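Q: No sequence on hand, only this structure:
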Ligand SMILES: [Zn+2]
């Protein structure tokens, strides 16, 4: 479901579908913090982002090989295959670049909000008791998408915005 909503947001940014994808991203953040803790969630997001970077590198290699192959004089079928490879590698590479940038920017944005405003402890947070993925999804009238978290060191609560 989350992947479906993200795909819809990719093809129609700024629409209502984008709102639902942001809601899904908020639910994913809350779920990740609850299951793994903030630091593990952050590590996993960075790994996911860099996995897309690896895909991008392979797409660049495939694109260069296909372009080199297309310049040699061969049969029309080979050149059509090379052209198809160029189109596929370009499309997949652009998709991977967009996902890489999106995942890293979102992770950095959230990590910048992970300092406790009261005691300045970094990343020592858990979901506040009032936040659950189900209740967060139902508060669609909230002006901003946010997840309420609580510091494990001092108990202070603050919102993290997506
Ligand atoms: Zn604190």
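A: Yep, it's here. What you see is a predicted model; the values in this text were computed from it and never measured.
Q: what's the distance between the most centrally placed residue in the chain and residue 89?
A: The C-alpha lying nearest the average C-alpha coordinate of the chain belongs to residue 103 (C-alpha atoms, centre = their mean; 3.2 Å). Applying C-beta to C-beta, to the nearest Å, the value for residue 103 to residue 89 is 21 Å. In this view, the C-beta of every residue, glycine as well, is placed from N, C-alpha and C.
Q: ok so, going back, need the contact list for the residue nearest to the centre of the chain.
A: Counting by C-beta atoms under 8 Å, 6 or more residues apart in numbering, residue 103 touches 45, 48, 49, 52.
Q: how near is it to the ion?
A: In this structure, residue 103 and the ion are 27 Å apart, going by C-beta to the ion, to the nearest Å.
Q: Leaving out chain neighbours, which residue sits closest to that residue?
A: residue 49 (3.7 Å; C-beta to C-beta, 6 or more residues apart in numbering).
Q: Do I have it right that the one you found meets residue 100?
A: Yes - counting by C-beta atoms under 8 Å, residue 49 does reach residue 100; the two are 5.4 Å apart.
Q: show me which of the contacts of residue 103 neighbour the ion.
A: Near the ion, taking C-beta under 5 Å from the ion as the test, no member of the contacts of residue 103 is found.
Q: Include neighbour count when you put the residues you listed into CSV, please.
A: Shown next, in CSV, are the contacts of residue 103 (neighbours: other C-beta atoms under 10 Å):
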residue, neighbour count
45, 20
48, 14
49, 19
52, 19
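Q: and which of those residues is nearest the ion?
A: Top of the list for closeness to the ion, among the contacts of residue 103 and by C-beta to the ion, is residue 45 at 22.4 Å.
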